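Asks: Could you look at this predicted model? Sequence included:
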Amino acid sequence: MNKISSFDVERIRKDFPIFSEKVHGKRLTFLDSGASAQKPKVVLDAVQDAYTKTYANVHRGVHHLSQLSTELYEGARKTICAHMNASSVDEIIFTKNATEAFNLVAQSYGQLALKPGDEILLSYLEHHSNIVPWQLIAERTGATVKAVPIDSNGEFLMEEYLKLLSPKTKIVAVTHISNAIGTIVPVKEVIKAAHDKGIPVLIDGSQAMPHMKVDVQELDADFYVFTGHKVFAPTGVGVLYAKNEWLEKMPPYQGGGDMINRVTFEKTTYATGHSKFEAGTPPIVQAIGLGAAIDYVNSIGFDAIAAHEQSLLAYATEELTKLNSVRIIGQAKNKAAIISFEMEGVHPHDIGTIVDQAGVAIRVGHHCAQPLMDFFDVPSTARASFALYNNTDDVDALVGSLKMVQEFFG
């Protein structure tokens, strides 16, 4: 796909059929991409073609359609491998989402490495999917979960992190970008500090993948996780990048077809590389759609995407700050285009309901980040999350609809 020569948001919006739809008779202002992003036509076409022209199960069939389907499925793996700069396609594991990837590492690595008294180090910025799996394996192994604190702006406190690293720490698992408040964690420094003490690191890249170029070899991450549906791909597919050295050591997470070498009733031997961790029929069409989505964002370019989104973040922050009753939660110096906020005297669910009538889609609730909400002493917030297809009209629509909320509640 040829690169778009300059960032043209109106041209990009035309790539997404959803923006021709109306909501309550109004122009759609979609500011909930942090939960799940919309899909460009090239992805929809790839999915449609996979189901209507080439569909068959992969890997084991010798017939024509199976060969075509396998080629497309494994082609998507190669696309993602190149995109992340993994050293081998064997390091790219398809899962059903990021949550399954976290559970895979927690259970498999945990079974391998954790024992009573060991520590698992997370942060206060984590999504529940990068908390609960570690709690489950901690209960089984006798390990303890600890969390790196943040400051009042939502900044990751590196000094406190360094203090928490110890001989007891057996893995660090932190987010690249907070889904709730947008804080960008200095993950390269996090990884280096852990590696200096021989500790592996998992990074949750679910919010990072749509907004920035990720090079896993440059970061030196041991594990890197993301989900397809936030990066303009279908639901039902995620990716776990894992260094080969860990894949060789870790036991299988699930048993079934395709992850075996030889099965007898006396003993089963397992496949190697990614195959060991992909039991059963995989998310074939979803993975093909993910490959198309990765090609799409690369055709635009992440430098252009980041510059556009940062300009939107600055404009939205300035405009929301003018609304006296609005308080933005989390104002880290380095953050992605995510704004979490509350309005004095108004419940976030009421905010979401009223702005929806103006065609504005935002997220309300705890954003699967209750420890973070507890830190800020709020039960929930309203959240506007921006993507490459948003423009200043979307910001103006949000601000206008929030003024309606103010008027309604006096």
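Replies: Yes, it's here.

Asks: Might you report the residue contacts of residue 133?
Replies: Residues in contact with residue 133, defined by CB atoms under 8 Å, 6 or more residues apart in numbering, are 99, 102, 103, 105, 106, 107. Where C-beta positions appear, they are placed from N, C-alpha and C, glycine not excepted.

Asks: Specify which member of those is nearest to residue 360.
Replies: Nearest to residue 360 out of the contacts of residue 133 is residue 99 (CB to CB; 28.0 Å).

Asks: For the closest one, list the residues it contacts.
Replies: Neighbouring residues of residue 99 by CB under 8 Å, 6+ apart: 129, 133, 227, 238.

Asks: And these, which two are furthest apart?
Replies: The distance between the two most remote of the contacts of residue 99 (CB to CB) is 14.3 Å, for 133 and 227.

Asks: Please identify the buried residues of stretch 290-300?
Replies: Residues of stretch 290-300 classed as buried by neighbour count (16 or more other CB atoms under 10 Å): 290, 291, 292, 293, 294, 295, 296, 297, 300.

Asks: How about stretch 255-262?
Replies: Across stretch 255-262, burial judged by 16+ other CB under 10 Å covers 258, 259, 260.

Asks: Narrow these to those in strands?
Replies: residue 260 (DSSP state E).

Asks: which one of the buried residues of stretch 255-262 is nearest residue 358?
Replies: residue 258 (48.6 Å).

Asks: what residues go with each domain of the protein?
Replies: 9-40+301-408, 45-298 (automatic domain parsing).

Asks: Tell me how far the residue sitting furthest away from the middle of the chain lies from residue 130.
Replies: Centroid-distance maximum for the chain: residue 266 at 40.6 Å, with CA atoms, centre = their mean. Per CB to CB, to the nearest Å, residue 266 is found 38 Å from residue 130.

Asks: swap in residue 392?
Replies: 33 Å.

Asks: Okay, strands next: where are they in the stretch 251-400 of the chain?
Replies: 260-263, 268-270, 326-329, 338-343, 360-361, 363-365, 381-385 (DSSP state E, counting those that start in this stretch).

Asks: and the longest one, what other elements does it pack with?
Replies: Right, strand 338-343. Judged by 3 or more CB pairs under 8 Å, 6 or more residues apart in numbering; DSSP states H and E, strand 338-343 is in contact with helix 302-321, strand 326-329, strand 381-385, helix 392-408.

Asks: Residue 338: which of those is closest?
Replies: That would be strand 381-385 among these, by CB to CB, at 4.7 Å.

Asks: pLDDT of that closest one, averaged?
Replies: Averaging pLDDT along strand 381-385 gives 98.

Asks: cool, and stretch 230-246?
Replies: The average pLDDT within stretch 230-246 is 98.

Asks: ok so residue 218 is a strand residue?
Replies: No - Residue 218: not assigned to a strand; according to DSSP: H, G, I helix; E, B strand; the rest coil it is helix.

Asks: quick one: contacts for the nearest residue to it once chain neighbours are set aside?
Replies: Nearest non-adjacent residue to residue 218, counting by CB to CB, 6 or more residues apart in numbering: residue 85, 7.1 Å away. Neighbouring residues of residue 85 by CB under 8 Å, 6+ apart: 215, 216, 217, 218.

Asks: ditto for residue 221
Replies: Counting by CB under 8 Å, 6+ apart, residue 221 touches 187, 191, 201, 202, 203, 241.

Asks: Could you report the separation of it from residue 195?
Replies: Counting by CB to CB, the gap from residue 221 to residue 195 is 10 Å.

Asks: And residue 369, by the same measure?
Replies: Taking CB to CB, one finds residue 369 at 27 Å from residue 195.

Asks: Please say which of these two ends up with more neighbours.
Replies: Each of residue 369 and residue 195 has its neighbours counted (other CB atoms under 10 Å); residue 369 has more, 25 against 15.

Asks: Angles on the backbone of the nearest residue to the more buried one once chain neighbours are set aside, please.
Replies: What sits nearest to residue 369 in space, not counting adjacent residues and going by CB to CB, 6+ apart, is residue 180, at 4.2 Å. With angles defined as degrees, to the nearest 10, residue 180 sits at phi -90, psi -40.
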